[in-house]
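K.L.:
Provide a 3D model corresponding to the input given below.
(2 chains)
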Amino acid sequence: MKLQWLAGLLAGALCTAAAGAATRCEVERKIVFAGLDWESNAFHTAVAQRIVRDGFGCAVDTLPGATIPLLNGLARGEIQVVMEVWMSNPPPSWAEGVAAGKLVEVGTNFPDATQGWYVPRYLVEGQGAPAAGLKSVADLPRFKALFADPEEPTKGRFLNCPAGWQCEVFNGKKLAAYGLAGSYTDFRPGTGAALDAAVVSALTRKRPVLFYYWGPTWLLGHWGQDLVQLDEPAYDAAVWKAMSEAKDAKDVKTATAYPTVRVVIGARKDFLDSAPQLHRFLQQYRTSAQLVSEALAYMRQNTASADDAARRFLKMHEALWTQWVPGEVADRVKSKL
Amino acid sequence: MNPLFPDWGAPLRDAGNAFVQWLVRDFGDGFEGFANGLLGVLVAIEQLLRGAPPWAVLLATALLGYAASRRWAFAAACTAGVWFIGALGQWDQAMQTLALVLVSVAVSLLLALPLGVGCAFAPRLRRAVMPLLDLMQTIPSFVYLIPAAMLFGLGKVPAILATVIYAAPPLVRLTDLGIRLVGADATEAARAFGATRWQLLRKVQLPLSLPTILQGLNQTTMMALAMVVVASMIGARGVGETVLVGLQRNDPGTGLVGGLVIVTLAIVLDRMLQSAGARLARRSAAG
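P.N.:
Numbering: from 1, shown residues only, chains lettered A, B, ... in the order given. A predicted model of the protein is given here:
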């Protein structure tokens, strides 16, 4: 896998040199993307890099790491572009960089990242469904026996977010606000991999499971049709704010659904100023949670790399991405697919 | 791909995935039934420890400390250690972790002791088992933890499984070693008196190798404690979760508190087992 990637990079560099006369990159230096450690970012980075490398003739690179160090790197200038900044909980270095005028929100990558509580469709629909009538979080107490927690059999098990994530705190408060603290355990799976394992195992065996999940993810791309999101009171900014600020889950009396989160592309201002064409491309870059989930499900099912998924995306959704760039740039990208 | 190498990685990967999926689909319910049995034992111990008033646990620590060493100062030091955990505000989590460690060590003992004895008597079995022990100690635990979580459900049972896989090997090795180190003079003398093989093992070899076996038990306990953070990554509650949350929220202070609790538990358990082992060694040397 790594070898292929290296070969691809090398071939890209050679082609860039050969086509140098026709396509001159606007910047001399390599453009470094943030290789944030989750799959949807890997996919977007691969799509953008193909366009920037093949279409605009620039050298590209990726610096892998976790959110906080990479956004610090963006602020320091070691990285030029971040394909995903989640506006629900941007790290402090992003907010400081934007306030100081060093970092810029270039455009919206996808506007509809979602979070919610899910149950499998086979539990609630069809003849003799064991949880027929389960539509919203308010119905959950009636079905606690169905979701029984083997470690505490008198209660149901709610699979929360991995321990330590922001959503884990929110879900804990929601359990209290929806009056579920007495009938459900707040089960924290520890890591994303463990949560995936529990959910996939239950879905494969058609067993009951109640869990928190978020999109775009491969899991929602792959299993989305088989899942039902439970209704929650509609998002209300004031209730949300009160809920966020409460120190103790017990004090939270009302809660609302998660807001839809906008995920934006971030870049350094000095980089954008030196490359107006790339700036315009990043401004136009726009996808949707659905598209991303599909690409991630493809990656997971075929054990494909992010670059494979990017190539497939560029082939399948030509009408979409050719709007982001001038015609001759699009032609050059297509010739390398 | 280099033509020197055949491509075995991809078929192995696909076969592994297919195998896990087949296990989950066709046998998942059976595995979960077994898991719930083991879970019953663990939950009972955990409820006993968590439900007991802290003074009772402190008293039990003092008595055990005295029983292990016959020194009151030692018993007081052990009790102070456990009290310190409560003072750090991690009492409940520590009791959960302790229950997990006790059950893991008990399961390890049940599996490792007979296996160690078997290895001591059958060199062929030992040759087969040793590479397996190496594998158990070195394979990254997440490789089998995620499939285990799919089969046994999240939480305590896969945590015990992972802990046993990681912590049992030293007990097997040291049981094997301890029995083989029992001097030929002792075994010959017993044989000369007409001891059967079973009598030889039970009356001579096991008692004489007890200090070494206790060393193994000590190692197993320490390694079981080292696994609690990994266990928390698949949803086992306890001190490991405190550390994990500290790491994931970029909150080193919380991580430090959790780390100190694990270290304190380790020191208390280690010293108790050490002094019990030393007393036994003295007694077997005297007798």
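K.L.:
Close to chain B: what parts of chain A are there?
P.N.:
Neighbours of chain B within chain A, by C-beta under 8 Å from any C-beta of the partner chain: A:3, A:68, A:150-151, A:159, A:162-165, A:187-191, A:193-194, A:197-198, A:200-201, A:204-205, A:207, A:303. In this view, the C-beta of every residue, glycine as well, is placed from N, C-alpha and C.
K.L.:
On the three-state scheme, A:Pro189 is what?
P.N.:
Following DSSP: H, G, I helix; E, B strand; the rest coil, the label given to A:Pro189 is coil.
K.L.:
who touches it in this structure?
P.N.:
For A:Pro189, the contact set (C-beta atoms under 8 Å, 6 or more residues apart in numbering or on different chains) comprises A:159-160, A:162-163, A:195, A:198, B:154, B:234-235.
K.L.:
And those, which is the shakiest by pLDDT?
P.N.:
Minimum pLDDT across these is recorded for A:Ala163, with 78.
K.L.:
which bits of chain B sit near chain A?
P.N.:
Residues of chain B lying near chain A (C-beta under 8 Å from any C-beta): B:1, B:13-14, B:21, B:24-25, B:28-29, B:32, B:35-36, B:39, B:43, B:142, B:145-147, B:149-151, B:153-156, B:232-236, B:241, B:244-250.
K.L.:
and with 7 Å instead?
P.N.:
B:21, B:24-25, B:28-29, B:36, B:39, B:43, B:146, B:149-150, B:153-156, B:232-235, B:241, B:244-245, B:248-250 (C-beta under 7 Å from any C-beta of the partner chain).
K.L.:
Just to be sure, A:Ala113 is in a helix?
P.N.:
No - counting by three-state DSSP, A:Ala113 is not part of a helix but strand.
K.L.:
That one against A:Ala289, yeah?
P.N.:
Yes - the pair A:Ala113 / A:Ala289 is scored as a contact, 5.7 Å apart, by C-beta atoms under 7 Å.
K.L.:
what is in contact with the two at once?
P.N.:
Jointly contacting A:Ala113 and A:Ala289 under the rule C-beta atoms under 7 Å, 6 or more residues apart in numbering or on different chains are A:215-216.
K.L.:
buried set for stretch B:68-77?
P.N.:
Neighbour-count burial for stretch B:68-77 flags B:68-69, B:74-75, B:77 (criterion: 16 or more other C-beta atoms under 10 Å in any protein chain shown).
K.L.:
From those, pick the one nearest A:His279.
P.N.:
Closest approach to A:His279 among the buried residues of stretch B:68-77 (C-beta to C-beta): B:Ala77, at 66.9 Å.
K.L.:
Now do the helices in the stretch 151-300 of chain A.
P.N.:
In the stretch 151-300 of chain A, the helices defined using DSSP state H, counting those that start in this stretch lie at A:166-177, A:192-205, A:218-223, A:237-245, A:269-274, A:276-284, A:289-301.
K.L.:
Dump these into a markdown table; add mean neighbour count as well.
P.N.:
A markdown table is the format used below for the helices of the stretch 151-300 of chain A (neighbours: other C-beta atoms under 10 Å in any protein chain shown):
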| stretch | mean neighbour count |
| --- | --- |
| helix A:166-177 | 20 |
| helix A:192-205 | 21 |
| helix A:218-223 | 22 |
| helix A:237-245 | 13 |
| helix A:269-274 | 16 |
| helix A:276-284 | 18 |
| helix A:289-301 | 21 |
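K.L.:
of those, which approaches B:Arg197 most closely?
P.N.:
Closest among the helices of the stretch 151-300 of chain A, once you apply C-beta to C-beta, is helix A:192-205, at 46.1 Å.
K.L.:
Mind giving me the packing neighbours of that closest one?
P.N.:
Contacts defined by 3 or more C-beta pairs under 7 Å, 6 or more residues apart in numbering or on different chains; DSSP states H and E place helix A:192-205 against helix A:218-223, helix B:9-51, helix B:141-152.
K.L.:
among the ones you listed, which is nearest A:Glu245?
P.N.:
Going by C-beta to C-beta, the one of these nearest A:Glu245 is helix A:218-223, 29.4 Å.
K.L.:
Alright, that wraps it up for me.
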